[in-house]
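J.: pasting the structure only:
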């Protein structure tokens with residue numbers, strides 16, 4: 001090697017993929033599906049944009065790997081269903097702001113994209129509604145699970161994205177109690 005040649009730096013494929021995924025999560029979270037560009041994601045990951053296609057095939061493939069696996073409710077399904085409403089209402093009431101990556105916010109922002117909607121629809125059905133419906137007893141479990149998720153997503157949308165004040169200054173506990181009751185009522189229908 002001559003003194004004018006720089007040493008060739010070996011790329012760590014796994015580390016590069018992880019950097020791209022982290023950059024994609026944050027970018028999709030902040031800008032939604034349509035607003036996030038692959039060049040922007042590559043710049044944030046400090047990689048060449050061609051590596052996105054190499055590792056993920058396309059922006060769609062990147063979205064599928066960066067966001068969709070994060071959309072699950074396993075953590076919500078831990079525990080007894082007799083206090084599901086209270087547990088979940090407290091989780092959602094405790095969420096504040098939107099600076100750190102949150103897959104629910106990424107889903108909400110991507111939901112305006114015609115390209116992303118089919119992916120989101122399938123993911124919500126398979127990874128969120130069906131697992132919740134499987135934990136419910138009685139009739140119309142799919143419909144009840146869909147309503148529970150609709151309420152929680154609507155609450156999150158108004159509270160953290162639209163920033164509608166859902167409670168008065170002293171009503172946070174009341175909101176949590178009411179949200180818990182409406183969710184638990186859907187869980188307990190037999």
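T.: Alright, I've got the coordinates. Everything numeric here is computed off the predicted structure, so don't read it as measured data.

J.: just for the chain, where's the confidence low?
T.: 1-11, 96-98, 165-172, 190 (pLDDT under 70).

J.: mind giving me the domain split of it?
T.: If you go by automatic domain parsing, the domain ranges for the chain are 13-62, 69-188.

J.: how about those in CSV, adding mean neighbour count?
T.: C-beta here means a position set from N, CA and C on the backbone, and glycine is covered the same way. Below are the domains of the chain laid out as CSV (neighbours: other Cβ atoms under 10 Å):
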stretch, mean neighbour count
domain 13-62, 17
domain 69-188, 16
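
J.: all helices for this protein, in order.
T.: Assigned by DSSP state H, the chain shows helices spanning 13-35, 38-45, 50-56, 59-66, 74-77, 84-94, 103-110, 117-124, 130-135, 141-156, 172-188.

J.: Among those helices, which comes closest to residue 164?
T.: Among those, the nearest to residue 164 by Cβ to Cβ is helix 141-156 (9.9 Å).

J.: And the contacts of that closest one?
T.: If you take Cβ atoms under 8 Å, 6 or more residues apart in numbering as the criterion, helix 141-156 is touched by 88, 92, 95, 104-105, 107-108, 124, 128-130, 132-134, 136, 166, 179, 182-183, 186-187, 189.

J.: cool, and stretch 129-137?
T.: Contacts of stretch 129-137 (Cβ under 8 Å, 6+ apart): 72-74, 76-77, 81, 84, 141-142, 144-146, 148-149, 187, 190.

J.: for stretch 32-50, same thing?
T.: Outside stretch 32-50, the residues touching it (Cβ under 8 Å, 6+ apart) are 16, 19-20, 22-24, 26-28, 30-31, 51-53, 59, 62-63, 106, 109-110, 112-113, 115-116.

J.: likewise stretch 56-65?
T.: Applying Cβ under 8 Å, 6+ apart, the set of residues contacting stretch 56-65 is 20-21, 24, 28, 33, 36-38, 41, 52, 110, 115-116, 119.

J.: Spatially central residue for this protein, please.
T.: Centroid-nearest residue in the chain: residue 103, 1.7 Å away (criterion: Cα atoms, centre = their mean).

J.: Am I right that that one is in contact with residue 71?
T.: Yes: using Cβ atoms under 8 Å, residue 103 is in contact with residue 71, at 5.0 Å.

J.: Distance of residue 81 relative to residue 19?
T.: The spacing between residue 81 and residue 19, counted by Cβ to Cβ, to the nearest Å, is 39 Å.

J.: ok, and the closest non-adjacent residue to residue 83?
T.: Counting by Cβ to Cβ, 6 or more residues apart in numbering, the nearest residue to residue 83 once its immediate chain neighbours are dropped is residue 184, at 7.9 Å.
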